[in-house]
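J.: Make a model of this:
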Amino acid sequence: MATDSPDPSGVGRHMLTLARALPDGWRARVVFPDHEAGRALAVQGRGLGVMAATVADGRWRHALTGADIVHVHAGIGWEGHGLAGETSAPVVRTEHLPWLITCPRQREDYARMVATLDAVITVSRAAADSWRPMLATMRGPRLPMACIPNGIDAGPPPHPPDRADQPPTILCVARFTPQKNHRTLVAAMARLVRTHPRAWLRLAGGGPEQDRIRARAARHGLAVDFLGPRNDVPALMADADLLVLPSTFEGLPLVVLEAMAHGLPVVATRIGGVTEALGPDHPWLVPPADPRALARSLASAIDDAAARAATALSQRARYDAFYTATRMGEDTARLYAAVLRGQRQRTSGHDHDTSGLHRRGGHRPPAFRRPGTDARRADRGDRRP
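T.: I've put the predicted structure just below:
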């Protein structure tokens with residue numbers, strides 16, 4: 001598993017989780033760029049028992065040598081283009097965000113790269129819906145595309161802490177980038193404190209917009225705790241009443257899955273994989289970039305302890321049913337096996353048979369469709385949300 005992302009963050013954590021979740025018979029080696037974030041992830045991976053290392057510029061071919069299959073992870077569509085050309089092994093690529101490429105030159109670069117792949121994975125159905133029509137227009141073989149939602153490894157649900165008499169604490173775990181849209185959150189908090197003056201916002205993460213958001217919060221006179229990058233997110237969640245995620249777009253954010261697993265109710269924007277994870281009937285989904293609606297949902301959640309408790313139970317049930325690391329590992333291993341079968345058949349002089357991609361089994365089989373065709377695979381009868 002490889003990424004050349006300049007800031008792997010959630011992508012890197014996903015790769016480590018997936019490496020540990022693959023079923024018996026598979027062995028994963030995970031490689032990151034040799035920069036500060038990559039080195040930290042490699043150390044974290046080795047502490048978890050994962051074969052993890054960093055790769056200096058110009059050494060990718062050596063790092064990928066010996067792999068039976070290479071799984072490239074791209075945080076955004078223009079990352080990882082050179083990695084497929086550094087190996088003779090079959091290549092699978094996971095797109096962790098929706099299709100975002102608008103530059104014609106970047107689109108052409110992507111089309112040239114994708115012609116060398118053996119399969120594409122998206123991490124949510126909404127993301128798949130954005131990638132599918134774009135892949136269908138690109139030259140070359142029609143690629144198998146799998147929707148394999150993210151999963152995380154969490155233990156049993158924690159006992160809810162007693163937060164009586166504590167100020168309402170709202171936690172946001174996200175990098176300070178335009179995508180995460182902290183500006184809307186600050187504007188919503190400025191409205192919320194008019195009716196809930198004790199409400200306290202805690203922001204975990206780093207990123208290029210942090211100073212701007214800090215200045216904006218100060219102008220509003222808000223009580224905001226800037227925590228910086230943290231490795232103790234479960235502990236932060238245990239000391240909060242709500243998780244808020246005001247993003248403008250997402251694939252399927254790991255922090256939402258973590259909140260679901262840890263019993264922390266979520267207030268978030270009604271976008272893509274967030275809605276898929278929480279369910280369309282989740283009570284606190286709001287339009288992106290709407291501080292008034294976000295403030296109303298935060299107030300509603302703060303004021304209704306019974307609804308928070310019920311939502312926490314519902315979220316945990318959805319996590320257990322659909323978003324475990326075990327399910328993700330099994331789905332991914334089935335895709336690997338199908339790709340390797342296709343490679344053997346091609347070298348034997350036969351057409352690429354992708355029938356193996358449609359086999360069911362395990363917890364929750366991925367949804368496959370071949371871009372460029374009109375026929376969707378029937379998904380009736382399975383347990384997807």
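
J.: And for residue 195, the neighbour number?
T.: Using other CB atoms under 10 Å, residue 195 is surrounded by 12 other residues. Bear in mind the C-beta positions are built from the backbone N, C-alpha and C, glycine included.

J.: Kindly report the same for the one 3 residues further on.
T.: As a burial measure, the neighbour count of residue 198 was computed by other CB under 10 Å and equals 11.

J.: Tell me which residues touch residue 317, please.
T.: By CB atoms under 8 Å, 6 or more residues apart in numbering, the contact set of residue 317 is empty.

J.: name the element it belongs to?
T.: Applying DSSP states H and E as the criterion places residue 317 in helix 305-322.

J.: Could I get the full set of helices for the protein?
T.: In the chain, the helices defined using DSSP state H lie at 9-21, 36-47, 60-64, 104-114, 125-136, 182-195, 210-219, 233-238, 254-261, 272-278, 291-303, 305-322, 325-347.

J.: Compute the number of surrounding residues for residue 282.
T.: 19.

J.: cool, the one 5 residues further on as well?
T.: Counted with other CB under 10 Å, residues neighbouring residue 287 total 12.

J.: so how far is residue 266 from it?
T.: Distance, residue 287 to residue 266, using CB to CB, to the nearest Å: 16 Å.

J.: Now do the end-to-end distance for stretch 70-82.
T.: 13 Å (CA to CA, to the nearest Å).

J.: Now that stretch: buried residues?
T.: Residues 70, 71, 72, 73, 74, 75, 76, 77, 78, 79, 80, 81 are the ones in stretch 70-82 that count as buried (16 or more other CB atoms under 10 Å).

J.: and if you look at stretch 117-129?
T.: For stretch 117-129, by 16+ other CB under 10 Å, it's 117, 118, 119, 120, 121, 122, 123, 124, 125, 126, 127, 128.

J.: and the two most separated of those residues?
T.: Taking CB to CB as the measure, the buried residues of stretch 117-129 span a maximum distance of 23.8 Å, between 118 and 126.

J.: could the helices of the chain go into TSV alongside distance to residue 92 and mean pLDDT?
T.: Rendered in TSV, the data for those read as follows (distance: least, CB to CB, whole Å; pLDDT from 0 to 100):
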stretch	distance to residue 92	mean pLDDT
helix 9-21	11	96
helix 36-47	19	96
helix 60-64	13	96
helix 104-114	12	92
helix 125-136	14	91
helix 182-195	34	98
helix 210-219	34	97
helix 233-238	28	94
helix 254-261	20	97
helix 272-278	19	95
helix 291-303	37	98
helix 305-322	22	96
helix 325-347	6	88
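
J.: would you turn those helices into CSV with distance to residue 95?
T.: Converted to CSV, the helices of the chain look like this (distance: least, CB to CB, whole Å):
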stretch, distance to residue 95
helix 9-21, 10
helix 36-47, 19
helix 60-64, 19
helix 104-114, 10
helix 125-136, 6
helix 182-195, 24
helix 210-219, 27
helix 233-238, 24
helix 254-261, 15
helix 272-278, 12
helix 291-303, 28
helix 305-322, 20
helix 325-347, 14
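
J.: Can you tell me which of these is nearest to residue 88?
T.: Of all those, helix 60-64 sits nearest to residue 88, with 9.1 Å by CB to CB.

J.: who's in contact with that closest one?
T.: 2, 4, 31, 53, 55, 70, 82, 83, 86, 87, 89.

J.: how about 10 Å then?
T.: 2, 4, 29, 31-33, 53-56, 70, 72, 82-89, 91 (CB atoms under 10 Å, 6 or more residues apart in numbering).

J.: buried ones in stretch 321-330?
T.: Across stretch 321-330, burial judged by 16+ other CB under 10 Å covers 322, 323, 324, 325, 327, 328, 329, 330.

J.: To clarify, my last question referred to stretch 90-101.
T.: Going by neighbour count (16+ other CB under 10 Å), the buried part of stretch 90-101 is 90, 91, 92, 93, 94, 95, 96, 97, 98, 99, 101.

J.: And for stretch 273-286?
T.: 273, 274, 275, 276, 277, 278, 282, 283, 284, 285, 286.

J.: go on, stretch 218-225?
T.: 222, 224.

J.: That one spans what distance, first to last residue?
T.: 11 Å.

J.: ok now that stretch, how far from the chain's centre?
T.: On the basis of CA atoms, centre = their mean, to the nearest Å, stretch 218-225 sits 29 Å off its chain's mean C-alpha point.

J.: ok, residues contacting that stretch?
T.: So stretch 218-225 is in contact with 167, 169-172, 182, 185-187, 189-193, 197-204, 213-214, 216-217, going by CB under 10 Å, 6+ apart.

J.: same thing but 6 Å
T.: With contacts defined as CB atoms under 6 Å, 6 or more residues apart in numbering, stretch 218-225 is touched by 189, 190, 200, 201, 202, 217.

J.: quick one: which of the buried residues of stretch 90-101 is nearest to residue 261?
T.: Looking across those and measuring by CB to CB, the closest to residue 261 is residue 96, at 19.2 Å.

J.: hang on, the closest one packs against residue 75?
T.: Yes - under the criterion of CB atoms under 6 Å, residue 96 makes contact with residue 75 at 5.3 Å.

J.: Name the residues contacting each of these two.
T.: Contacts common to residue 96 and residue 75, judged by CB under 6 Å, 6+ apart, are residue 11.

J.: re earlier: what two of the buried residues of stretch 90-101 have the greatest distance between them?
T.: 90 and 98 (25.0 Å).

J.: give the contact list for residue 95.
T.: Taking CB under 6 Å, 6+ apart as the contact definition, residue 95 lies against 74, 122, 131.

J.: Pull up the gap between the first one and residue 1, please.
T.: It stands for residue 74. 12 Å.

J.: What of the last one?
T.: According to CB to CB, residue 131 stands 20 Å off from residue 1.

J.: Keep only those of the contacts of helix 60-64 that are in strands.
T.: 29, 31, 32, 33, 53, 54, 55, 70, 72, 91 (DSSP state E).

J.: between those residues, which is closest to residue 13?
T.: Distances from residue 13 to the ones in strands among the contacts of helix 60-64, taken as CB to CB, are shortest for residue 32 (11.2 Å).
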